[in-house]
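S.K.: Next input, structure requested:
(2 chains)
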Amino acid sequence: LTASARPADLIDSYLQRLRDELIDVSPQRRDEIVDEIRRHIEDQGGGAAGQSNAAVMNVLDRLGDPAEIAAEARGGKAPADRTAIPHRSRLGTFDMLALALLILAWPVGAVLLWISKAWSARDKVIATLIPPGGYPGVLLIMSTFRWIKLAADGGPAWLKIATGAALFTVSLLLIVAPIGTCIYLATRTHPRRTAPADE
Amino acid sequence: MQGSLRYSVSVPIDGLATQLRKGVIEYCVLVMLKGAPRYGGEVIEMLRGKGQLLISEGTIYPLLSRLRAEGLVDSEWRDTATGAPRRYYRLTHAGRKAVAEFRDEWLRFRSSVDDILRDGVRS
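M.R.: Next up is the predicted model:
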């Protein structure tokens, strides 16, 4: 803030600092807070023609340090504290049943999964596709490996080794995928907040 | 060692007031919305001159926004006679409940501290 700054510059630089401090707040809330503060400054005569720098600085002083305003936006917590709050996931009995059936009896589990409100649509798509049919599906896919092996047996030695290695890797992935997806889903549940009672 | 000495200086004199304010300011704002819907500037006006309750006026705006996110207040834009439209905040049902709970809790809390202070002075 140099001596040559105009009142409008003081206000702009204050609002920019506020915007910077609110960087880790959602864009919607950030815009709302900056907009409200801008209106407040205008209400106090800030930015009006003929206002002195001293008057504007007074208004900004009373508003306080942008860092303090941003801290309040984060619920009075420093940014580091906020990230340390563990994500609370609540897995209901229904959701756990959906996960169990997803790997044991895929069609039933997939239907329950889509009924559940615990996951986003994106996670539901991932969960439906990654464990290909749950373990029944995995067994079905792996039962075809015998034919692939038989076909490769007719070829040269390197083909046999390459096919064996490829099938081994795919089998491993197929066995791990359903469990991996279940663990992923268990950690991705929406935090369930009860809707605020309103008039 | 010099550095650690510097950091071991005790909390500033306003530390206690800040700690006390943190616990009650949001309830004070809710109480102020009990009578009628108000915009942020009005709430700030009301808090001015109430001792240490409001130091940085700008913090009222994120506070109101947070109270709305928590469902304790809701807001609507209203035109004003003098100028641009303003965002008015009013208590929700949950907000009114929070005010009532705070009032009871505060009275109990205050009387406990008063008792302790009185006994402490006597002994």
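S.K.: so where's the chain shaky on pLDDT?
M.R.: If you meant another chain, say so; for now it's chain A. A:1-4, A:46-47, A:49, A:76-90, A:131-132, A:190-199 (pLDDT under 70).
S.K.: Switch to chain B, please.
M.R.: B:1-14, B:123.
S.K.: The residue nearest the centre of it and residue A:153, how far apart?
M.R.: Against the mean C-alpha coordinate of chain B, by C-alpha atoms, centre = their mean, the closest residue is residue B:25 at 1.1 Å. Counting by C-beta to C-beta, to the nearest Å, the separation of residue B:25 from residue A:153 is 78 Å. Every residue, glycine included, has its C-beta placed from N, CA and C.
S.K.: hmm, back to that, what's the strand or helix carrying the residue nearest to the centre of chain B packed up against?
M.R.: Secondary structure from DSSP states H and E places residue B:25 in helix B:15-32. In terms of contacts (3 or more C-beta pairs under 8 Å, 6 or more residues apart in numbering or on different chains; DSSP states H and E), helix B:15-32 is packed against helix B:40-47, helix B:60-69, helix B:93-122.
S.K.: Give me the buried positions along the first one.
M.R.: Within helix B:40-47, the residues that qualify as buried by neighbour count (16 or more other C-beta atoms under 10 Å in any protein chain shown) are B:40, B:41, B:42, B:43, B:44, B:46, B:47.
S.K.: Work out the gap between that helix and the centre of the chain.
M.R.: Remark: helix B:40-47 is offset 11 Å from the chain centroid, using C-alpha atoms, centre = their mean, to the nearest Å.
S.K.: what's in contact with that helix?
M.R.: Contact with helix B:40-47 is made by A:36, A:39-40, A:43, B:28-29, B:32-33, B:38, B:53-54, B:57, B:60-61, B:64, B:86-87, B:89, as judged by C-beta atoms under 8 Å, 6 or more residues apart in numbering or on different chains.
S.K.: how many neighbours does residue B:31 have?
M.R.: For residue B:31, the count of nearby residues is 18 (other C-beta atoms under 10 Å in any protein chain shown).
S.K.: For it, give its distance to chain A.
M.R.: Residue B:31 is 18 Å from chain A, where distance means C-beta to the nearest C-beta, to the nearest Å.
S.K.: isn't that residue right up against residue B:100?
M.R.: No. Using C-beta atoms under 8 Å, residue B:31 is not in contact with residue B:100, being 10.3 Å away.
S.K.: what about the closest residue to residue A:130 other than its chain neighbours, which helix or strand?
M.R.: What sits nearest to residue A:130 in space, not counting adjacent residues and going by C-beta to C-beta, 6 or more residues apart in numbering or on different chains, is residue A:181, at 4.6 Å. Assigned by DSSP H and E, residue A:181 falls within helix A:157-187.
S.K.: How about residue B:75?
M.R.: According to DSSP H and E, residue B:75 maps onto strand B:73-78.
S.K.: That strand: what's the following helix or strand?
M.R.: Assigned by DSSP H and E, the successor of strand B:73-78 is strand B:86-91.
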